[in-house]
Structures are given as C-alpha cells and as structure tokens.
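*Asks:* Need the 3D shape of this:
(3 chains)
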Amino acid sequence: MRKLTGLLMLSSAMALAGTAWGQEGEPIKIGVLHSLSGTMAISETTLKDTVLMMVEQQNAKGGLLGRPLEAVVVDPASDWPLFAEKARELLTVSDVDVIFGCWTSVSRKSVLPVIEELNGLLFYPVQYEGEESSKNVIYTGAAPNQQAIPAVDYMAEELGVEKWALLGTDYVYPRTTNNILESYLADKGVASGDIFVNYTPFGHSDWSKIVADVVALGADGKKVGVVSTINGDANVGFYKELAAAGVSADDIPVMAFSVGEEELAGLDTTNLVGHLAAWNYFETADTPENAAFIEEWHKFIGDDERVTNDPMEATMLGFNAWVAAVEAAGTTDVDPVLDKIVGVEVPNLTGGTATVLPNHHLTKPVLIGEIREDGQFDIVSQTEPVPGDAWTDFLPESAVLDADWPGKECGMWNTETGTCVQVQSNY
Amino acid sequence: MTRQPFILRNPSILIVLAVLAAFTVAVTLMSAAYGNGAIPTSMVKVLGKTLCLALAAVAMDLVWGYLGILSLGQMAFFALGGYMVGQWLMYARTETIVAASLAQNPIPATPLELQEAVANQIFGVVGSSDLPLVWTFAHSLTLQLILVVAVPGILALVFGWLAFRSRVNGVYLSILTQAMTLALALWLFQNDSGFRGNNGLSGLQNIPGLEGRDQATLSVWFLWASAAALAVFYVLAAWLVSGKFGSVIRAIRDDETRVRFLGYPVEGFKLVVFTLAAMITAIAGALYYPQAGIINPAELMPIASIYLAVWVAIGGRGRLYGAIIGAVVVSLLSSWFTGGRAPDIRLPGYVVHWVDWWQVALGLSFVLVTLFAPKGIAGIFDRLSGLRAPRRAAPRKQEVKA
Amino acid sequence: MMAFRASLRLFPALLLALSLLALPQISAANPALEAVIADNLDQIEKPSRRTVEPLIAEIAATGPEGLALLSAWASRNLGMTDDGRLLIVDGDSATDAATGAAVTGADPKMLRPNSGVRGVIEGALVAGEISSPDPARRAAALSSIARDGTSAHLDALRAAPAEEDPALAARRDRVEKLLTIRFDTDTAARVAAIEEMAGDVSLDFRAALNPLLATSRIAATEEPANANIARELSVGGGDFSEEAAIALMTSEGLLQPKLSSADQRNALAANIVDGHVGGVPVGQLNDPAARDRAYEALEAAGTVPPAATEAEAGAALEATRFFDTYAEPDKAVTDAARAAQMRAEVRLTAMKGVDLGLDALSLASIYFLAAIGLAITFGVMRVINMAHGEFIMMGAYTAYVVQTMIANRTLSLIVALPLAFVVTFGAGVLLYRLVIRHLANRPLETLLATFGVSIALQQLAKNIFGTQARPLTAPAWLEGAITFNDVISISSIRVAIFVLALLFLGLFLFIMKRTRVGLEVRAVTQNPGMASSMGINPDRIAMLTFGLGSGIAGIAGVAIGLFAQVTSELGQQYIVQSFMTVVVGGVGNIWGTLAGAGLIGVLSKVIESFNPSNTLAAQTFMILFIVIFIQFRPRGIIPQRGRAAEA
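*Replies:* Sure, this is the predicted structure:
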C-alpha cells in the first residue's frame, strides 16, 4: 500500500517535471534509492520503510521550513548499473533534494559519479570499508575504525585471542576490512603466520574444509578467534558447520560484522549463543530513545515481531542530521546544507549523540554483542563515541590522507604534501 | 537472371534501417541536449543501451537461429568487450587526475611513479596497489579497442576450435558454453584476477578527453554510435546469411552430418560464424557499458546469457529483425515492470505488485511462446505480411539431433 | 604471565573458601563481601578480563556468599540495583548477594560480563570443582581446565583426591600430563610427559608442544650465550634468502635501511636550488637515473646523509650470523618435544589426507544426489530440465514448511522426506504433461522452456517465502560430527547424505534391473519405436521417469537444506554443477554419474587444499578443468555405446 503511494507520487512527479518547484508550501522531495526486489530486497526494504516512517513523523511535526516532505521511492532491483540510472532519474526527473539509499559498496560506487556530476546529496546508512570520501555523500554507517578495529581490540583484550582467522565473502568490503585488520594486527605484533585469511563466494555452502582449517589453527596452542565478514545467506551454512564440528563460542569465538538482528531472524540460534557481533546499535540497547524508536517502528510497520537494526539507526541519524542542517541553512540546496551539516549533533539510540564530522562521517559508539538464544544480542561492551575515519590510519598509503571537507574542496587531502590527491571520488 | 543487390532482395533490411534511422532522429529531437528535452537523459541512456542489447541479440540469432548452436555464453563476450573498453576509460581518467596531483610536487614524476600512483588509485579500493599484467595496454585507447574484438574473438576461436573439433554439439555444447561463462565470471569475481573483483570497473560514463561535455550530450552521442553499430552489423549479418554462405550454415543447422558428407568443412563454417558473432557481441558490450557506467562480474553470470536466448526466442529466431524486436520489447518491458512504474493489479484480497510477479509472468510467457509460437513475434509478422520465403527450411525438424 | 601470577594468589583463597562451602548454607550477612562490593562497584559493573582477577580472588576469599556471587555473576544471574546493591536473581525471586536477604520489588540492572571475564571466573571456581562429589561438575571442570589451564590448576589436579570414574580418570590424567608439559618446573617430569604422549596427533597435545618449539629469528655477530638455539641459518639457503637476511638486520638496527624512492624524492625536493638539484635541472628528474645522479651529487656535497650501499650490506652479511632460537630455555624439553613432533608428523600428514578424502567424498555424494535425478531424465529422455534446480529448492522448502508445522525434528524429517518426493514427483509429472511432452525431440527448445519454468518457480518461491534464508534444522542426533580424532572428523549430516546417496544408487539399480518398469524404461531408452510396438506406452514411461527424477531432486533438496541454507537460489547453485556431473560422467549410465560426481568432488577438494585462502579460485579452476575435459572426452568418462549413443 505504502509502496503504491510512493509510486503514485513518482508518477505525478514525472508528469510535473519541468515546472518550477520551490515556492512556499510545495513539498520537499526525498529520494529513496533502496532495492525492493532482487537479492538485496530483504535488507533494503526495511530501510525504505524507515525513511518513510521518518518522513511521516516529520510531516506530523509540521514538515520542514513550513513545507511538507514527500518521499519518492524507486526500485533499483539489486542491479548495480540500475542504481546509477535510478539516481539520475531521481535527481533530474523527480528533482529530489536529498537521497537516502544504497546498501552494498558496489551500488554506492555505481551511484557516486552521478551524484557528483549532478551535485546531489546521498545519505549512505551501512557500515562500509572506508577509503572513500565524497563531497556529496554523508556516511552514517560505521567506518572500519568504528567497527572492525574496536572489535578486534575487544577480542584480543577481553577474549585473549592470539591467532586470527579472517573469513570473508570475496568482495570489496571484506577485502579492504581484512587488509586493514592484517596491517593493524601486524602493528600490534601479531606474526603473519598467526593470521589466516580465506575468501569464499557469495552464498557459499560447503564449509567443512574451511572450518577444519580454522580448528587446526589451534594446533600451536594459541587461542583462535574468527573475524567474519561473511555476507548474507552463506552465514547459515558456516554457523551450522561450526556447530557440527563442536566448536563453541568459548573455544573459538566468531566476531561477525555483517550479522545483525535481521539476519539472525532467519537462523536457529541455539548453536550460536555466545558468538559475537560488532555494531553501533543493538535492539537491546537500554535507553528511553531506543524504546520509543522501537515502539514507533512497530506501530508504523504494523508488526510487533519486526526487529530493528544498525542500518536503521544510521538511516534515522542521517535523516535527523539532514533535517537539522536544512533548518539551519533555511534551504534545501545542497551546498548550503553541506556547509551547515558539519558539526550538527543528533541524539543516537544508545544514549549519546552523533556528531557530523568535517569528513562527512559520524561519531558513533562501538557496541559488542553476544548472541542470545532468542536471536537478540547481549551488549557486553560499549565504547564512548568514536569519530569515523574515512582513510584508515593502518594502511601506509591511506594514513597520510584526510577527508575534512570544509575549506579544502577535496575528500582526499594528502597531509604530507598539503595537496588534493583528487577532487572527485575514486570510483 | 541478373542477381539484384542483396539489399533489394531483402526488403526487410530497408525497413529495419528506416525504422532505426527514424527512431534515432526522433530521440535526438526529443533529447535534452539536441531537442526539446521531452526524453530525459536517463531514458536516452536506456534507449542507447537497448540498441546495444539488440545488436547482441542479432549476433545471438546468427549463432542460434542460423547456425543452430544454442550458445549460453554469449554475454561473456559482451562483458569482455565492456571490460576491455572499461580498462582504458578507468586508466585514462585516473591518469589525468593523478598527473594533476603529482604536478603539484616540485620534482616531476617518473613514468614508474605515475603508473604506481594510477594503480594505487584504481586498486586501492580493492586492497592492492600493483598494476596487474592484464592492464599492460590500458593506457592506450587504440590497443584496448583492438582488444575489444581481439580478446573475445580469440576466446571464441579457441573455445570453438576445441569444441567443434571434438564434435561436441547440441545440449552438450550449450552446457559447455554455460560453463565457460560461469568460469569466467567466477574468475573475474576474484579480487586477485586484476579486474577489481565484485566491484568491477565503475565511473565508466565519464569519458576522458570529453570532460567538457555533459552527460546529456554524451548520452546522445552514444545513442548515435549504438544505432550506427546496429545498422552496420545488421546489414553485415543479413548479407552473410543471404548468400551461399547463409545456405550452408542453415544446412548445417538442419543436418550437420549430411553437409559434412557433401564435402563442406563444417567445423570451419561454424568457427567463422561463432567467432564473428562473439566479436559483434563484444562491440555491442563496448558501447553498452560506457552508457551503463559500471560493469561487474554479475553481468556475465549464466543467467544473463540465457535471457539473451529468451529475447531471441520471443522475438523469433532465424529472423534477424526478430532478434531486434525480441531484445527491444522484452528488455524495455522488463525495465518498465521492475522499475516500479507499472500499475499494480488489485484482485480481491491480493494486490499484484509487478515488481514481484514480472519474473513469473516472463517465465510463463516464455513457456507459452516456445509451445505455441515457436517462431516468436516475428512469426506473427510473417504470417501477416506473407513475407515468409518459401526456400527456408521448416524449422520443425531443425534440432532433432541432440 | 599476568594470569599465571594472579591465579597463584587466587588459589589458597579458594581452598579456604571451598572448605567453608562444605558447611550448611546460612543466610547471614557477610560484611567482608559487602565491603569488597562497595569498593569495586565500577569494576563489577564493567569488568575487563585483564584486570578482574584480583577482584575475583578478593570476592572468593570472603566465603561461600562470595562464591555464590561469583557463580551467579558468571551465569549472568547477577543484577545491580540503583543504590549499588548486588542481587542474585533466580527467575522471579531475588536475594541480596551480601546479606542473603530475600528482596522483592527491586528492578535490578542485569550484569552481562563478557565471555572472557566469565572464563576467568569459571577458571577461579573450577579448581575447587575438581573435587566436587558430582561427576558432571568434575567433568565440566576438566573441560574448563583443558580449555584454559594454568599452573595453579596443575597443583589443584595433583592435590585433588583420586578419581573413581575410569573415563574421567583417563581424561584427568591426560589433562594433567598436558599441564605438566606446559607448566611443571621439573625438566624430567616434562620430558617424561612428552615422551609418554609422543606420537599423539590430537590437537591439545600439539597445542602443548608447538609453543615449546616456537622459534624466533635473530641476527648477531656471535652465538648468543644463554639462548636455546634451534639452528643456525645459512644465508642464501633454501628458506632464508639474502633479502630476508638484510631485512632482519635492518629491523634489528644492524644495518642502515635502504633509501626508498619516496625518501629520495623528498630529499631531492628539499634541496632545489635555482631549479636545479645537485646540478641536475628539475625538469629532468622524471628519470630515475637522473635522480640517482642528483642524489649522489648531494651526497658528495654532504647535504644529505649517504644512503646504504650494496657493499655495506655485503660486509654486514659477512660479519653477521643468524640463528633460530627457542623461546623455551630448557634444551632437554625442546629436544624431547622435537622428537615427539617428528613422530607425529607422518601420521598427521596421512590423517590430513584422509580428512580431505572424507570431505571430497561428502561433496561428491552431495553432487551425486543433486545430479542423479537429472541423470535419469537426461539419460533416458535426452531432456535437459533447467527447472531441476528448482525441484531441489521445492524439496528444501517442503521440509521447511513441514518443520514449521511439526515441532519434533526427527518426526518432521521422517514426514518431510517422502513428502518432498511426492511434491516434486507431482511437479515433475505436471511439467512433463504440460510442457515437455509437447516438445518431444526438440531438446534445445525444451531446455529453454524449462528455463522459463525455472525463473517462474524461483520468483514464486521469493514471493511466498521471501528472499532471506529460511532455517531448516537437523534433528539433534544428526547434529555434531563423527570424530575419529582431532584431525579426522566429519559432520553427521554429511555422513547421512552419503548414506542417502548410496541408498538412492541402490534404489535406482533395483528399479532399473529388477522391476518391470525398469525393463520398460531401458527398452524405451534403447529403441522407443520397437518398445512401443511391443506394447509399452513410451509416453507413460517417460512421464514416470520424469517424475522419478524430479522426486529424487526433491529429496536431494531436503538433504542440502539440512547442511546449508534454504533460499530461492538454492537450486540455481547446484544446477550447473549437476549438469557438469552428468556430462563429465557420461549420459545414460548411473555409474557414469557416480564417476562424474566422484571426479568433481575429489578434484574440487584437492584444488581447494592447494590454495586454502581462496575458495573461489578453486571453483574457477574446477570448471575450467571440466570444460577442457569435455573437449577431450566429449561423451564423458563412461560413454554410452551402441545405438542409443547415436540418438
């Protein structure tokens, strides 16, 4: 039903394209670029609904700048080239003022050139591998230093892990994250022989050999820990094989970066109890803000069983930051909004505030959760808010780069030479 | 009897060319860059891409409709063409950026430093910084353009030579072509393969050297180029299948053994058509991906090639214009239905969202076409206009051999 | 080391506490505990594994209430009230940890120590548990010690009363030996323990041995005096290159690092004078040779420090010796450990081979199961059914639906297997009647039409079940693994799949060779015209065959869903491999399919073991191999002979 309204809005938008918008009372348009079909639909549909909920709430508060908000929903169908096509359509045909969207890195890379060419504004709500900073993107998910590094620290310090198995699906997020982690662990004095890396294809199901390899790592008497960037469905087979091999979380803890409440909903969690995940938000966070958010979500979606997750919080933070920046700028034009958005503070759901940094990332607390039998997480560690770092400090080429936009006009500033490496993004 | 020029013997060619020209002029006049802007740039890109797909379908029809090889790996050639041109696009664009950045350094950069910096920019994202061997020629547009046809051509030649020599045919050959594209896709999915793994090559819509032109203009230029390529290769394909050569390959399709007994080098004919089709498909791909903006290994998973076969079958195989009709109709319908524009159907108690049901409808309609209209949409045209040439073999018996 | 010392301190306190534990529990106030709690509230609320040990020792020392608090803490039954009291929560009731008083109406914040902290607490409690009268608790304590033992545990094990349960006694003996190897101060005892266990390939023994044999590489001018040297390395030898030697010397500060090109450039940039560096015009510095010249000129002028030269490196190499030294100082122990390791090596390699073989067998049986249905339809009818993968998926979803309705997993599996067969048998027959029958003798069109069915079914599954993976859980008796030792083990579910594959092989052979239907099928395969004139209805036979093939696909789906994930793309993942299996093996012969599955399974695993870090590469090479294989044996491993081969 809601999708239908979105579609109707879109078609009316198409019909009116070309006429001048912007007078008082005309709606402010918000583009929603999340896959509603294809492999990513299950994850991204939730975020589409989150944006629609935020729009509804904002309209209930009287809109923005005295104008109502209107969501324009399109479906890029988990097809990466289609993301670029739909982004162009949103910006030129529907004339949206801001876009909330994308999940996978490759979809973001597909959209980037279009957004930069047309000077759009994208809020990207998912944890990612960093090594990117675009003038036109606000990254509201975690950068590696807001998820991977603290998680590894936790494993080393609290669980005593000395030997590392970095298992990932073969695509850019695990590759880059594992590169950063390898380099970080080497800095901490872990020998390269104590790091085992493995990449598997999407949807991999034959895990017996890999699990055996991981178990065999324990042969030199060091505590083994797994850092998993395994994506999506492949996790099911992986955890099943782990359980079958009799590996408990006490023997070999698995720290996952891509397994959240939504993913666990499709799994039998009895055998996973005690394994870990690192995020910036868990549904079990015990704060009044979170309780209110969950209640509104259940009311909006009409289903008390639906879980909330980290990318939803990131979407919410991005939306609120944008609203605050628009109010401060008094317009929805991209450049003034970008000027004002740096430094904006919005309350997060885990009991602190998220600040938009000059490098277009947020400050976020890092939470570590242990999986419970009911598919939720016990929060066992929560840090103070950590500022997101676009260019990691743990790779030599990136350590010299910084991405503070104001005054520099580039997101890839070499601090050693004091020059811009490139003005547009690396696609 | 004096032989007429082959174009005049085939009025359908003139009709196709006329429609194509009219279409191109109409789109140009309604584009944002050269006309009144009634068709937005994103739509111009969709239409340009559709022309490229139509060209790939024409090549598919050559191989399947005329030669009788159901190749389920055509999109491998399509994507390879895209990858080859994409390498230059990425390299040249990055080189401009890097050169500008290095120029700020007091000491001029050595060629090696420049190359390292470019590699770092391109591969830094996927966690590497060396320029792989496969990028050796990426700096040169000419060489990469040669590779656009050379790489898929050689792949098709080697693959075809091995397969035809061992008399692999029928469904075996189909499975084998499918395995080929799957192996290639899996190889490209690896980060180590040097093509940036799952991320693929992106930002391809920014053409180095044409930074001053906006996408509205570029999209029309690419539409022209795609239309021109389609026209040229359509005529080439039509010429090829109209003469004696065409008769031989159709004969191979209908009864390979008999043609061999008649003394024709069957393998040679097959190899020529298979390789030529691969090269045409690659050119279509090379024009397609700069319009799409991004290419990644998902583009050459077996399913994509099967879709190509579906388009040709729905359009009508064994008719070159049928292939074009199939590709245009089905791909545009697909993007319309999955784009969330198609109105939902309200049944009592259930709302049919086309986003969810389009695939089901497509699959079933495909079964229906195979069962009840084996000649596809073109077959309907034939019946209407009585165009059907009497000398064509009845397609009923064409694939009895398995 | 930290943990070790802390545990030493902890131990006497625990013994004391344990003796108190024997006394009847009295709910009396414990002021000492109260004081400890009051002083350490912060740390109790947010404990860290690295710092919590002294606190745990303190709490344990306060008596039985302290121990009760610890065990509640470890099992996450401890809550903290706003006014700083700790409550042990048991369901709805709660008692104050310090006073023992029942508390009602409090809403404590439950404490959630992480598993590292819980491990420390359990480690502290466990030393006492080892003499517990309850065998289950003793067993648990042994497991805990085996996982994370300390020298304190060694003392506790030796001090504990003799174990009566023979199984536990053996385990305890083993754990004690392992701890002896790691922690005993007496060389003779350690060597004895190592020699007793030598030849054992289990993981825990290797885990005890390998740290003893861990070496570090040092560069020195002469042999280090007090080090336990494993061997001296010769530079340029097979495993120690000159570059490695130079890198080692550089990192140890024995050699000045080589000038990197970036440093060179920066040095040059810092010394630009009038557009020249060392007399070389800046414009020419895009040539590495010119840069070297300019740098040499600067060196000569003394403006930059001289870079390390080849000659210096050579001289340093001459003067330096390289050693691998053991971290373990005791030579007798390392010698014994090395000997024990050598003895295990050969067995270990053989066992790894066996384990790989099991994995390969398992993969082969999965492929066989997925392909057998296809082999039937393809072999008998020459029909490529692209929807075969979707039948596998239907089987898996059938099992999922059954599991949502029948809670008992064993029962649901027993119901699901035949039901999956029936459902997919029906679907196969339907597909045959509606589509395939009308496309007789047009194999390529059948291929495409069934592909249409395949995409429709896949999307239908997405519409009904969503795109996310659905849980399909094996019954408890199929969970876990069959473990021969720490190297060779295979999960039970895979064994079950293997058995299932054998069963279907037998069933197929039985039907084909011993039944009327099989006879008719063979007749139709060999000569449909003749069969038909003998009174066999080829259409009916074809329909039955197709149904049978589809039904087996459904059962394969249940099996695959049990060890992997149930998604709408499940079938798609197996369809190409299934085709390969059939084609590689040879059409129309069940033994061919078996051979094909075996070849693909073994080869996949062997390629995977060559490059364990990249599973994708293994798959790529596998398919490449198949493509080439078919070029040379186009009719498969076991080709069909006679008339049927020409069909």
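
*Asks:* list the contacts for A:Lys222?
*Replies:* A:162-163, A:194, C:207, C:211 (Cβ atoms under 8 Å, 6 or more residues apart in numbering or on different chains). (Glycine included, C-beta is placed from N, CA and C.)

*Asks:* Mind checking which of these land in helices?
*Replies:* If you go by DSSP state H, these have C:207, C:211 in helices.

*Asks:* Of the contacts of A:Lys222, which are in range of chain B?
*Replies:* Contacts with chain B are made by none of those, judged by Cβ under 8 Å from any Cβ of the partner chain.

*Asks:* between the contacts of A:Lys222, which has the most around it?
*Replies:* Each of those was scored for neighbours by other Cβ atoms under 10 Å in any protein chain shown, and A:Lys163 scores highest at 21 neighbours.

*Asks:* all helices of the stretch 1-150 of chain A, in order?
*Replies:* Ranges of helices in the stretch 1-150 of chain A, per DSSP state H, counting those that start in this stretch, are A:2-16, A:41-60, A:80-88, A:105-117, A:148-158.

*Asks:* Could you check the angle the fourth one makes with helix A:41-60?
*Replies:* When you say that, I think you mean helix A:105-117. 40 degrees (axes from the mean of the first three to the mean of the last three Cα atoms, to 10 degrees).

*Asks:* again, but for the last one
*Replies:* Helix A:148-158 runs at 110 degrees relative to helix A:41-60, counting by the same axes, to 10 degrees.

*Asks:* Quick check: buried residues in helix A:148-158?
*Replies:* A:148-156, A:158 (16 or more other Cβ atoms under 10 Å in any protein chain shown).

*Asks:* Show me the shaky parts of the stretch 201-350 of chain A.
*Replies:* A:266 (pLDDT under 70).

*Asks:* one more time with 80, if that's ok
*Replies:* A:203, A:220-221, A:232-233, A:265-268, A:271 (pLDDT under 80).

*Asks:* and the closest residue to chain B within it, how many residues sit next to it?
*Replies:* Going by Cβ to the nearest Cβ, chain B is nearest to A:Pro201 of the stretch 201-350 of chain A, at 6.6 Å. Neighbourhood size, A:Pro201 [other Cβ under 10 Å]: 21.

*Asks:* Close to chain B: what parts of the stretch 251-400 of chain C are there?
*Replies:* In this structure, the stretch 251-400 of chain C approaches chain B at residues C:261, C:265, C:268-269, C:272, C:277, C:282-283, C:285-288, C:291, C:382, C:384, judged by Cβ under 8 Å from any Cβ.

*Asks:* before we move on, the earlier item: can you pick out the most distant pair from the contacts of A:Lys222?
*Replies:* Within the contacts of A:Lys222, two members stand farthest from each other by Cβ to Cβ: A:Asp194 and C:Ala207, at 13.7 Å.

*Asks:* ok, and the closest non-adjacent residue to the residue of the stretch 201-350 of chain A closest to chain B?
*Replies:* What sits nearest to A:Pro201 in space, not counting adjacent residues and going by Cβ to Cβ, 6 or more residues apart in numbering or on different chains, is C:Leu616, at 4.9 Å.

*Asks:* From B:Val134, how far off is the one you found?
*Replies:* According to Cβ to Cβ, to the nearest Å, C:Leu616 stands 17 Å off from B:Val134.

*Asks:* okay, those two: which has more neighbours?
*Replies:* Neighbour count, other Cβ under 10 Å: between C:Leu616 and B:Val134, C:Leu616 has more, with 23 against 15.

*Asks:* mind checking the SS state of the closest residue to C:Arg347 other than its chain neighbours?
*Replies:* Nearest residue to C:Arg347, sequence neighbours excluded (Cβ to Cβ, 6+ apart): C:Val201, at 5.4 Å. With DSSP: H, G, I helix; E, B strand; the rest coil as the basis, C:Val201 sits in coil.

*Asks:* Count the residues that sit near C:Val201.
*Replies:* 21.

*Asks:* B:Ile13 now?
*Replies:* B:Ile13 has 21 neighbours, counted by other Cβ under 10 Å.

*Asks:* Could you double-check that it lies in contact with B:Val235?
*Replies:* Yes: counting by Cβ atoms under 8 Å, B:Val235 is a contact partner of B:Ile13 at 6.4 Å.

*Asks:* Please enumerate the shared neighbours of these two.
*Replies:* Contacts common to B:Ile13 and B:Val235, judged by Cβ under 8 Å, 6+ apart, are B:Ile7.

*Asks:* still on that earlier bit, dump the residue contacts of the residue of the stretch 201-350 of chain A closest to chain B.
*Replies:* A:Pro201 neighbours (Cβ under 8 Å, 6+ apart): A:169-170, B:186, B:189, C:615-616, C:619.

*Asks:* hmm, back to that, now the residue nearest to C:Arg347, what are its backbone angles?
*Replies:* Per-residue torsions, C:Val201: phi -110, psi 10 (degrees, to the nearest 10).

*Asks:* quick one: C:Ala337 and C:Arg217, what's the gap?
*Replies:* In this view, C:Ala337 and C:Arg217 are 19 Å apart by Cβ to Cβ.

*Asks:* Determine if any part of whatever helix or strand B:Ala163 lives in is in contact with chain C.
*Replies:* Using DSSP states H and E, B:Ala163 falls within helix B:141-165. Yes: with Cβ under 8 Å from any Cβ as the criterion, chain C is reached by helix B:141-165 at B:159, B:162-163, B:165.

*Asks:* Weed out the non-buried ones from the residues you listed.
*Replies:* For the residues of helix B:141-165 next to chain C, a burial check counting by 16+ other Cβ under 10 Å picks out B:159, B:162-163.

*Asks:* Point me to the residue of the stretch 251-400 of chain A nearest chain C.
*Replies:* A:Val380 (3.9 Å).

*Asks:* Quick check: that residue is in a helix.
*Replies:* No: the assignment for A:Val380 (three-state DSSP) gives strand, which keeps it out of a helix.

*Asks:* And the closest residue in space to it that isn't next to it in sequence, how close does it get to chain B?
*Replies:* Among residues not flanking A:Val380 along the chain, C:Asn114 sits closest, at 3.9 Å (Cβ to Cβ, 6+ apart). Distance, C:Asn114 to chain B, by Cβ to the nearest Cβ, to the nearest Å: 30 Å.

*Asks:* what does C:Arg118 give?
*Replies:* Distance of C:Arg118 to chain B, given as Cβ to the nearest Cβ: 36 Å.

*Asks:* That residue - that's part of a strand, no?
*Replies:* No: going by three-state DSSP, the assignment for C:Arg118 is helix, not a strand.

*Asks:* Run through the residues that contact it.
*Replies:* So C:Arg118 contacts C:Ala74 (Cβ under 8 Å, 6+ apart).
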